[in-house]
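S.K.: Need coordinates for the following:
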Amino acid sequence: MVPTSETLEALLLRAKDAAPKLRRLKGAEVTQSDLKAELAGLGKEWLKMSQGLRNEAIIDSARLADFDSLMQELVSSSSNRARASALLKKLDPFIDRAFVEIVVPVIQHEGSPRQVAGRQVQSAFIAQATTDEAAYIEEAARCITVQCHRAALMMLWAAGIARLHAAIMNKGFKAFNGAVDAAIARKSPPFHRIKESAKISSLAELQRSKDADLLIVGMELFSYDLQVYQELDRLLGIRNDSAHPGMAKPTALDVQQFASKVSSYLFEKVPV
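M.R.: Modelled structure (predicted):
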């Protein structure tokens, strides 16, 4: 994950708070275990954040390597005997340069339309997504930032189906198969599409089930109505169009609207 500008500024503030403690010691050896732990923690935290910045190519790799070297030395020195003046030589360049060279570019990156669109997609699912579902949503947000809108739509639908599968597992196969029987008995569209073969007895069979069948059976199993089903069926159509070659060119706005509907018509209607 890419660290936010707020997270980076918080790390910089911690470094600024630690520096006066070292200056008061002048050239003496640092013996306070809490100060040494704080300095080592600063270095380790930076190295984690640096990897996220490197993966997204937000900051020049040579500049990141320079900061990485300083912070690696800070971690190493903090774990051994070291004078305060030596530790400051590692910490001061980070304090002096990090805001302009690291924080400002990240703020600019966050303000780009692509990044804003990605965050808006994620915000549609706040406090709703499980860990498994969130992985698909985060991938969809990353796809938007590189303008892979078809892939983003597919990832969002995958998050929705992950929700549907988990909810069916929670209900149990017996309840699902009962809902299949109830759907078959209705006979009217769209229930007439459901066959006895839609029943399942294992997770593997659930994973092989057609998304279209699950949406129909879901009306019986989760008590959403025909209008919700029709919206979900349209979303499935968009997902299928995105998975195949064609002339359609979905935009970031299309992805945002798709995310909002997956959240409203699937996540909010199908509890786990």
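S.K.: Figure out the helix or strand that residue 11 lives in.
M.R.: helix 5-25 (DSSP states H and E).
S.K.: now that helix: how far from the chain's centre is it?
M.R.: Between the mean C-alpha point of helix 5-25 and the mean C-alpha point of its chain there is a distance of 28 Å (C-alpha atoms, centre = their mean, to the nearest Å).
S.K.: all numbers from here: first residue = 5
M.R.: Sure thing, new numbering starts at 5, so read that last one as helix 9-29.
S.K.: Any chance you could list what contacts that helix?
M.R.: 34, 36, 39, 42-43, 46, 49-50, 53, 87-89, 91-92, 95-96, 98-99, 102-103, 106-107, 110-111, 114 (C-beta atoms under 8 Å, 6 or more residues apart in numbering). (Each C-beta comes from the backbone N, C-alpha and C, glycine too.)
S.K.: Over to stretch 229-248?
M.R.: With contact meaning C-beta under 8 Å, 6+ apart, stretch 229-248 is reached by 153-155, 157-158, 161, 164, 194, 215-216, 219-220, 222-223, 252, 254, 262, 265-266, 269-270, 273.
S.K.: what's near enough to touch the residue lying closest to residue 81 once chain neighbours are set aside?
M.R.: Closest residue to residue 81 in three dimensions, ignoring its sequence neighbours and counting by C-beta to C-beta, 6 or more residues apart in numbering: residue 91, at 5.7 Å. Residues counted as contacts of residue 91 (C-beta under 8 Å, 6+ apart) are 26, 34, 43, 78, 81-82.
S.K.: Report the angle between the helix or strand harbouring residue 91 and helix 9-29.
M.R.: If you go by DSSP H and E, residue 91 is part of helix 88-102. Here helix 88-102 runs at an angle of 150 degrees relative to helix 9-29 (axes from the mean of the first three to the mean of the last three C-alpha atoms, to 10 degrees).
S.K.: Mind listing what's buried along helix 88-102?
M.R.: Using 16 or more other C-beta atoms under 10 Å as the test for burial, helix 88-102 gives 88, 90-92, 94-95, 98, 102.
S.K.: cool, stretch 167-185 as well?
M.R.: Taking 16+ other C-beta under 10 Å as the basis for neighbour counts, the residues of stretch 167-185 that come out buried are 167-172, 175, 177, 180-184.
S.K.: Check stretch 151-158 too.
M.R.: In stretch 151-158, counting by 16+ other C-beta under 10 Å, buried: 152-158.
S.K.: Okay, and which of those residues map to helices?
M.R.: Using DSSP state H, the members of these that fall within helices are 153-158.
S.K.: which one of those residues is nearest residue 204?
M.R.: Proximity to residue 204 was ranked across these by C-beta to C-beta; first place goes to residue 158, at 23.5 Å.
S.K.: before we move on, back to that, list the contacts of the helix or strand following the helix holding residue 91.
M.R.: If you walk from helix 88-102 toward the C-terminus, the next helix or strand you reach (DSSP H and E) is helix 108-114. For helix 108-114, contacts defined as C-beta under 8 Å, 6+ apart pick out 6-9, 12, 57, 60, 62-63, 119-120, 123.
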